[in-house]
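Colleague: make a model of this:
(2 chains)
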Amino acid sequence: MFGLVDCNNFYASCERVFRPELEGRPVVVLSNNDGCVVARSQEAKALGLKMGVPYFQVKAEFEQRGGVACSSNYELYGDMSRRVMWYLQQRAPAVEIYSVDEAFLDLHGMQQHFDLAGWAGDVRGAVRQRTGIPVCVGVAPTKTLAKVANRLAKKDALAGMGAGVLVLDDEAQRREALSRVPVQDVWGVGHKNAGKLYAVGVRTAAQLAGVGDAWARKNLGGVVGARLLHELRGFSCSGVVVEPDVRKSVCKSRSFGQVLSEMEQVAGAVATHAARAGEILRHDGLAARLLTVTVETSRFANMPPPYSSSAQLTLPVATDDTLTLTKWAQRGLERIWRPGLRYVKAGVVLDGLERAGVNQQASLFGDVATSPARAKLMRALDALNGRFGTGAVKVAAAVPAPGTREPWGMRRNAKSPAFTTKWGELWQVKC
Amino acid sequence: MMNLLLSCGFPSPAADYESELVDLNRLMLRHPDASFLARAHGESMRGAGIHDGDVLAVDRSMLAQDGDIVVACVEGEYTVKRLSKRVDSVALVAENPAYPPIVVRNADNLRIFGVVVLVLHPLVTEGRRGLSYVRPQ
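Modeller: Reported below is the predicted structural model:
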């Protein structure tokens, strides 16, 4: 058996743990630069707010109805996610962290020893108690069915019915559940396939489970489609994948809070991304050999899509050194810079990652950037930024002109404190 | 990170016994997933040794018992008080005579965030403690 634990309205729930005044009110979380709605509380969904809608379009009415908008606070969401996953790992033999707010549990053989519905209800209650995050749990013989079970458990729980837990362990329950799920909501049925299925009259997951194997192979992506049907019929085709993916690249890219046309300003954004990417490399013990700088421009205001350009550089020695990465990133930017354009986004991508210090070819000319002193400097930099907050100490190129805010910085006008990850933003309680 | 340590002298006899620093987190956070640190503001719990600016460790995994110091939600705001269960009500009691207890008659109106399990109280001023440095790994 498999379990799927999924957090309810995760980002909005994270905000509420530390901000009880948000309880019962419509809450939305906005994307970078406070652009679009990326998460909604149940109350906000009930108001009819759609996912992805530009916030300025709904702001006036939303606020008039008591709604609260929060800028995205990824430090907080990341920490709360770690807490939920950490606890699940204590309770289940194997856990696949599927996304920030979702995990598959391997419950193989557990039904012999536990009443799974009782066990799942207990886990649900404990996650809520320990982290403050409400979750729903679906349990079924396959991952696809566990998804279905979770979906139905959540629908019922949010409608004020059910226990937030659904176990599908017999044939009648499985059929009944599948008949309640529209085919486009089945895990693995994309938008395109849903269209094909509708065209032949398949509207529910139950009907999908009944289509012929040959038809599925032909029309739903070959073996992928056949597996999907098998899973819906209760025959598991995939297990829980515990090993985390090995990092293949680091990408730091972000829209500016405003349009920029000064090279110095865009260079500041690029330097900021390079520094942050370097920090990630050092954290993971990796070094990069390839560096790509990207910019996106909007040549005419209000005329998407923007034109984009990139430059890839091969570094002489794989490195995790912020100063070296910044230097090469600036050279990349100089290559693709076209004066007079209106830039809206810049990014740095690091590829060709290898373990730092392993098989690393030292430069023939005693490069200062690979010296032990430089590694020590980077450790000190990371320690300072870890203690005083990201960007407390930065390279000069990433410092904005005196007296100005970072012109490339994000608009995050309504961000909660990080609460759990920074001393300077620690959760405050009254005595 | 390049660790090119080319040492040539006599090896330190202590090298085999290197271990990690005693980790304060392990004392403060018995349940790391369920524990949250908070900065206390106010004087109402002075009698319990909680001063303005102290850091508290709050554990959500414990069931709050009579007499525990808890973080409770009162009128949409978190406050630190001692939990006192009475026959027909629950009171959140301050440890400072200047602050009257908050009496909650309907238990449904009381939400407890967690139990305060530890308080970190500095005994000298921040200034005298000096700038902290972070030990390189």
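
Colleague: surely residue A:311 and residue A:329 touch.
Modeller: No. Residue A:311 is beyond contact range of residue A:329, at 9.5 Å (criterion: CB atoms under 8 Å). Using the backbone N, CA and C atoms, a C-beta is placed for each residue, glycine as well.

Colleague: all strands of the chain, in order?
Modeller: Assuming you mean chain A. Along chain A, counting by DSSP state E, strands occupy A:2-7, A:27-30, A:37-40, A:68-71, A:94-99, A:102-106, A:135-140, A:165-167, A:250-260, A:286-297, A:307-319, A:343-355, A:428-430.

Colleague: that's the wrong chain, I meant chain B
Modeller: In chain B, the strands defined using DSSP E lie at B:35-41, B:55-59, B:69-74, B:77-85, B:90-93, B:102-104, B:111-120.

Colleague: tell me the gap between the third one and the middle of its chain.
Modeller: Okay, so that is strand B:69-74. Per CA atoms, centre = their mean, to the nearest Å, the displacement of strand B:69-74 from the mean C-alpha position of its chain is 13 Å.

Colleague: hmm, back to that, minimum distance to residue A:371: which of the strands of chain A has it?
Modeller: Each of these has some distance to residue A:371 by CB to CB; the shortest is strand A:307-319, at 11.6 Å.

Colleague: each with direction, which strands does the closest one pair with?
Modeller: Partners of strand A:307-319 in the sheet, by DSSP bridges, are strand A:286-297 (antiparallel).

Colleague: kindly export the strand it pairs with (C-alpha atoms) in CSV.
Modeller: Extracted in CSV, the C-alpha atoms of strand A:286-297 (Å, rounded to 0.1, in the frame of the first residue of the first chain):
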residue,chain,number,x,y,z
LEU,A,286,29.9,21.2,-5.7
ALA,A,287,31.9,23.2,-8.3
ALA,A,288,30.7,24.4,-11.7
ARG,A,289,32.5,24.4,-15.0
LEU,A,290,29.9,26.1,-17.2
LEU,A,291,28.4,29.5,-16.5
THR,A,292,25.5,31.0,-18.5
VAL,A,293,24.2,34.5,-18.2
THR,A,294,20.8,35.3,-19.5
VAL,A,295,18.9,38.5,-19.9
GLU,A,296,15.4,39.2,-21.1
THR,A,297,14.4,42.4,-22.6
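
Colleague: would you mind getting the angle between it and strand A:250-260?
Modeller: Using axes from the mean of the first three to the mean of the last three CA atoms, to 10 degrees, the direction of strand A:286-297 lies 30 degrees away from that of strand A:250-260.

Colleague: the stretch 51-200 of chain A: helices as residue ranges?
Modeller: A:55-64, A:74-91, A:116-131, A:143-158, A:171-179, A:191-199 (DSSP state H, counting those that start in this stretch).

Colleague: most tightly surrounded among these?
Modeller: Most buried of the helices of the stretch 51-200 of chain A by mean neighbour count (mean count of other CB atoms under 10 Å in any protein chain shown) is helix A:143-158; its value is a mean of 23.

Colleague: which neighbouring elements make contact with that helix?
Modeller: strand A:2-7, strand A:135-140, strand A:165-167, helix A:171-179, helix A:223-232 (3 or more CB pairs under 8 Å, 6 or more residues apart in numbering or on different chains; DSSP states H and E).

Colleague: would a markdown table of the ones you listed with distance to chain B and mean pLDDT be doable?
Modeller: Formatted as a markdown table, the helices and strands packed on helix A:143-158 follow (distance: least, CB to the nearest CB, whole Å; pLDDT from 0 to 100):
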| stretch | distance to chain B | mean pLDDT |
| --- | --- | --- |
| strand A:2-7 | 14 | 98 |
| strand A:135-140 | 13 | 98 |
| strand A:165-167 | 20 | 96 |
| helix A:171-179 | 31 | 94 |
| helix A:223-232 | 31 | 92 |
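
Colleague: among those, which is the most enclosed?
Modeller: Most buried of the helices and strands packed on helix A:143-158, by mean neighbour count (mean count of other CB under 10 Å): strand A:135-140, with a mean of 28.

Colleague: picking up where we left off before, between residue A:311 and residue A:329, which contacts overlap?
Modeller: Contact criterion CB atoms under 8 Å, 6 or more residues apart in numbering or on different chains; residues shared by residue A:311 and residue A:329: residue A:293.

Colleague: between those two, which one's more packed in?
Modeller: Per other CB atoms under 10 Å in any protein chain shown, whichever of residue A:311 and residue A:329 has more neighbours is residue A:329, with 29 against 18.
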